[in-house]
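Enquirer: A predicted structure for the sequence below; I have some questions about it.
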Amino acid sequence: MAKKVVPLDTPNLNQAFTAKHVGNIIKARRTQMGLTIVDLAELSQVNKNTVGKIESGNPNVGLDGVIKLFNSLGLDLKFSAFGVTTTQSKKGAENDWV
């Protein structure tokens, strides 16, 4: 019998990233999609032990694995500078850090 996956609530997506927070985001999305760790490992071509380490917030995993998991789960990584609003640079180009 297949293991039942219990969906977790989505963590706050408006806080600064930590390894633990990224792991919580990945685990929540995985469970909401009904995937086991093994399913996600196969889908993303990341070792199941690495998936577990990422989900538990281990800061010593490669960024490549995290990116593969985000891509497999349909998640985007968006970057913005804290407290920065759209401004014009000295050359007149709009600041991309918004």
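Expert: Sure, I can see it.

Enquirer: helix/strand/coil for Tyr49?
Expert: One thing to correct before we go on: residue 49 is Asn, not Tyr. For Asn49, the assignment made with DSSP: H, G, I helix; E, B strand; the rest coil gives helix.

Enquirer: report how many residues lie close to it.
Expert: For Asn49, the tally of surrounding residues (other C-beta atoms under 10 Å) stands at 11. No exception for glycine: its C-beta is placed from N, CA and C like everyone else's.

Enquirer: check the one 5 residues further on too.
Expert: Look at Ile54: counted by other C-beta under 10 Å, it has 24 neighbours.

Enquirer: which strands or helices does the longest helix anywhere in the chain pack on?
Expert: If you go by DSSP state H, the chain has its longest helix at helix 19-32. Other helices and strands packing on helix 19-32, by 3 or more C-beta pairs under 8 Å, 6 or more residues apart in numbering; DSSP states H and E, are helix 37-44, helix 48-55, helix 63-72.

Enquirer: please name whichever of these is nearest to Leu8.
Expert: Smallest distance to Leu8 across the helices and strands packed on helix 19-32 (C-beta to C-beta): 10.4 Å, for helix 48-55.

Enquirer: what comes up buried for the closest one?
Expert: Within helix 48-55, the residues that count as buried by 16 or more other C-beta atoms under 10 Å are Thr50, Val51, Gly52, Lys53, Ile54, Glu55.

Enquirer: relative to Glu42, which of those residues is nearest.
Expert: Ranked by distance to Glu42 (C-beta to C-beta), those are led by Val51 at 9.9 Å.

Enquirer: surely the closest one touches Asp39?
Expert: No - with contacts defined as C-beta atoms under 8 Å, Val51 does not count as touching Asp39, sitting 9.6 Å away.

Enquirer: low pLDDT regions in this structure?
Expert: Judged by pLDDT under 70, the chain has its weakly predicted residues at 1-2, 80, 82-98.

Enquirer: again, 90 this time
Expert: 1-4, 12-17, 76-98 (pLDDT under 90).

Enquirer: gap between the residue lying closest to Ser44 once chain neighbours are set aside and Leu35?
Expert: The spatial neighbour of Ser44 that comes closest, neighbours along the chain excluded (C-beta to C-beta, 6 or more residues apart in numbering), is Ser72 at 3.8 Å. Ser72 sits 9 Å away from Leu35, going by C-beta to C-beta, to the nearest Å.
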